[in-house]
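A.B. asks: next come a sequence and a model predicted from it.
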Amino acid sequence: MGNKTLSGRHIVLGITGGIAAYKSVSLLRLLVKAGAEVQVVITPAGKEFITPVTLSALSGRPVVSEFFTANTGEWHSHVDLGLWADLMVIAPATASTIAKMANGVADNMLVTTYLSAKEHVMVAPAMDLDMFAHPSTTRNLRQLEADGVEIIAPAAGELASHLVGKGRMEEPENIFARIEAFFNSREDLKGVRVAITAGPTYEKIDPVRFIGNYSSGKMGFAIAEECARRGADVSLICGPCSLDVKHPSIKRIDVESAVEMLEAAKREFADAEVGIFSAAVADYRPAKSESSKIKREGTSGMTLELVKNPDIAAEIGASKKPGTILVGFALETDNEKSNAAHKLEKKNLDMVVLNSLKDKGAGFRCDTNKISIVLRDGEILDFPLKSKREVAADIIDGIVELRSGRRRVKDV
Ligand code: PMT
């Protein structure tokens, strides 16, 4: 199931044309075994050393090399890849690729992806000792370091040329350890207990029918995965949805109705330092659910009597302990910001994530969302349309900031 640090991480593994490319296969295996999602991007010269078939079989994804797939004309977006990656690792990196990166030359898919990468980049040089010692290589590596790239220095030893000296690519196990160390250092929720509600609730009418809503659970699951990636121990209480939990630090509790969700929430939120209510909870349930299927014969219509469900966020909010951060959602169609601010007060929350069904690509079922974060001090932060994974990261950044005290959280 992978390790806690790397599970679900998006890693672009860049491979260039050097004999050390054979070692990239071991690195790829280590990353995949640890649960990372790895996209290999290989230069045309890299393919002379290792076949894309091996790499795609091990990574479970087609290898990207050119801007277009020749026979289908399919376009590979370096910008999307750069945004997708939590980390880009180029191993081995030849002198030529290092020179291109240092000078912003974008003449192949790999260096273009590098220029689009938003997150951290690591480079593991591999070349002959004279090439590595050449002033131009030294200059280019210095430039990369100044640009924020992490250099994994080559080791000394026997090289492919049979010369002995510095230039051998670092061993895959050591590169893997550097990758783990990098992600460990970003664990800003390490050991923090987080409880989350997600998905819809189903309120039973009879054994075949229910009152429900369109929530898929995607937003709540994305938040759970992001919290876990950042080191939190997560309880995810979810209504009926067909998603799978990936990270080993997520405890999943399946429920069906709002009443069941409340019972689970009382248990799981009791010792949580952060609580997030992303579920779309039905506000009403049938006053009585039938034990046999309701028949249509002999009736001209029917009226369902509904009773109010508990408000889970409000109940947990009412007994909130000092220092706990509670985050609610507001799904609105009108007067969005004032309704969200009202919910924040009424439910004793520290932050409300507002999404409006008026915004295209926001809300239920889709892979994207467009949110505003409403804070206790009245500040409202507006975000553009992003993937739910990125939205989750923005929400967690806000929570981390609140926990650090950089923003004033009023304990009510
Ligand atoms: O699951 P997806 O398809 O990815 O869609 C995501 C989403 C649209 C469901 C999600 O982004 C979202 O907006 N969730 C909250 C939906 C909602 O019920 O909003 P609300 O404005 O009705 O409720 C306000 C807050 O109170 C929410 O935090 C809600 O979880 C909570 N609540 C509401 C009613 C209730 N009985 N109990 C609650 O805890």
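C.D. replies: Now that the structure is in, tell me what you want to look at.
A.B. asks: please make it C-alpha for all contacts and neighbour counts, starting now.
C.D. replies: Will do.
A.B. asks: so the most far-flung residue of the chain relative to its centre versus S56, what's the distance?
C.D. replies: Distance from the centre of the chain peaks at G298, with 52.8 Å (C-alpha atoms, centre = their mean). Counting by C-alpha to C-alpha, to the nearest Å, the separation of G298 from S56 is 61 Å.
A.B. asks: can you check E37 too?
C.D. replies: From E37 to S56 the distance is 12 Å (C-alpha to C-alpha).
A.B. asks: among those two, which residue is more densely surrounded?
C.D. replies: E37 (21 against 16; other C-alpha atoms under 10 Å).
A.B. asks: so what's the residue count around the closest residue to the more buried one other than its chain neighbours?
C.D. replies: Spatial nearest neighbour of E37, excluding adjacent residues (C-alpha to C-alpha, 6 or more residues apart in numbering): H10 at 5.0 Å. Each residue near H10 was counted by other C-alpha under 10 Å, and the total is 19.
A.B. asks: one more: T51?
C.D. replies: 14.
A.B. asks: next one: the one 4 residues further on
C.D. replies: Neighbour count of L55, defined by other C-alpha under 10 Å: 22.
A.B. asks: how about the longest helix belonging to the chain: buried residues?
C.D. replies: Counting by DSSP state H, the longest helix found in the chain is helix 388-404. Within helix 388-404, the residues scored as buried using 16 or more other C-alpha atoms under 10 Å are 388-396, 398-400, 402-403.
A.B. asks: so what pLDDT did E390 get?
C.D. replies: pLDDT, E390: 85.
A.B. asks: can you verify my assumption that L141 contacts A102?
C.D. replies: Yes. With contact defined as C-alpha atoms under 8 Å, L141 counts as touching A102 (7.3 Å).
A.B. asks: these two: who's more crowded?
C.D. replies: The neighbour count for L141 versus A102, taken as other C-alpha under 10 Å, is higher for L141 (24 against 21).
A.B. asks: dump the helix or strand where that one lies to CSV, restricted to CA.
C.D. replies: Taking DSSP states H and E as the definition, L141 sits inside helix 135-146. Taking C-alpha atoms only, helix 135-146 is exported to CSV below (Å, rounded to 0.1, in the frame of the first residue of the first chain):
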residue,chain,number,x,y,z
PRO,A,135,34.0,25.1,-15.8
SER,A,136,30.9,25.3,-18.0
THR,A,137,29.2,22.4,-16.1
THR,A,138,30.3,23.9,-12.8
ARG,A,139,28.8,27.3,-13.9
ASN,A,140,25.6,25.7,-15.1
LEU,A,141,25.1,23.7,-11.9
ARG,A,142,25.7,26.9,-9.8
GLN,A,143,23.1,28.7,-11.9
LEU,A,144,20.6,25.9,-11.3
GLU,A,145,21.3,26.0,-7.5
ALA,A,146,20.7,29.8,-7.6
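A.B. asks: which other residues reach whatever helix or strand comes next after it?
C.D. replies: Helices and strands here follow DSSP H and E; after helix 135-146, the next one along the chain is strand 150-151. Strand 150-151 has contacts (C-alpha atoms under 8 Å, 6 or more residues apart in numbering) with H120, V121, M122, V123, A124, P125, L141, L144, E145.
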